[in-house]
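Engineer: How does the following fold in three dimensions:
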Amino acid sequence: MVDYSIELAHIYSDEKIGDEQASSIDEGVKFINGLKENLKTFSTTLLIDNYSPSSFTLDENELVDLAKSYGISFDFICYEAELADLCDLLIKDMDPAALVRVKFPKFNKESLVLKHGRKIIGIRDYFETHYRNTCAALVACWHLARLGIYKISEEKIKRFSENSFQATKTLTVLPKKYKANEDKVLTILGNSFHKNVLKNIEYVFF
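Structural biologist: As a prediction, this is how the structure comes out:
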């Protein structure tokens, strides 16, 4: 287990690589340099959101090359759709008193939501023939997997080094537009049986 699991350059599978990914890597390098000075261990991950988009046009090799141009490499590439099964565990691990099912006839769905004070945070939407997990629920599972609490099978991860995928802490480097969703993620985790992990989750927003 390494000291930090560092997520960089988050991107959608149908998105073009741009300034957001470059800035994320640049900010991550600054953090990594600090870890090296303090003799801390780390691994780097790229999470590609292929759960929401309907197509996969992203050239992963371009992202790998972009990271190399900043002097780093990805240890792992992961895919958000592969986290879907973990949401079953997350729901079981949440405080049942905080979970409520709400019907939305207009959208022909019923949603499992977390009620926390005035906040209502979606966990899973149930439709007539299928269900979909929310982004916040998937990312909550992502943190728990990086922290070694949930297990992702090796065949669902692209590995490029012998570094450990699991870490004591997570650092996620994201544009500020994702902060609202990450706040939901932290609220979900804070209402789970794993609330103690909150102290081990860190961010850099730019």
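Engineer: Spell out for me which residue occupies the centre of this protein.
Structural biologist: Val139 (3.6 Å; C-alpha atoms, centre = their mean).
Engineer: Now for the closest residue to Ser161 other than its chain neighbours: which residues touch it?
Structural biologist: Distance criterion C-beta to C-beta, 6 or more residues apart in numbering; nearest residue to Ser161, sequence neighbours excluded, is Asp75 at 4.5 Å. Every residue, glycine included, has its C-beta placed from N, CA and C. Applying C-beta atoms under 8 Å, 6 or more residues apart in numbering, we find Asp75 in contact with 43-45, 159-161, 163, 165.
Engineer: which one of the residues you listed is nearest Lys106?
Structural biologist: Distances from Lys106 to the contacts of Asp75, taken as C-beta to C-beta, are shortest for Thr45 (38.1 Å).
Engineer: pretty sure the closest one is touching Ala9, no?
Structural biologist: No: using C-beta atoms under 8 Å, Thr45 is not in contact with Ala9, being 9.6 Å away.
Engineer: Next, find the distance separating the residue nearest to Met94 when sequence neighbours are not counted from Leu171.
Structural biologist: Computed as C-beta to C-beta, 6+ apart, the closest residue to Met94 that is not its neighbour in sequence is Ser192, at 4.8 Å. Ser192 is 20 Å from Leu171, where distance means C-beta to C-beta, to the nearest Å.
Engineer: now do Gly117
Structural biologist: Taking C-beta to C-beta, one finds Gly117 at 28 Å from Leu171.
Engineer: between the two, who's got more neighbours?
Structural biologist: A side-by-side neighbour count of Gly117 and Leu171, using other C-beta atoms under 10 Å, places Leu171 first with 24 against 6.
Engineer: quick one, helices of this structure?
Structural biologist: Along the chain, counting by DSSP state H, helices occupy 19-37, 60-69, 86-92, 135-146, 179-190.
Engineer: Point out the most buried one among these.
Structural biologist: Among the helices of the chain, helix 135-146 has the highest mean neighbour count (mean count of other C-beta atoms under 10 Å), at a mean of 25.
Engineer: All set, thanks.
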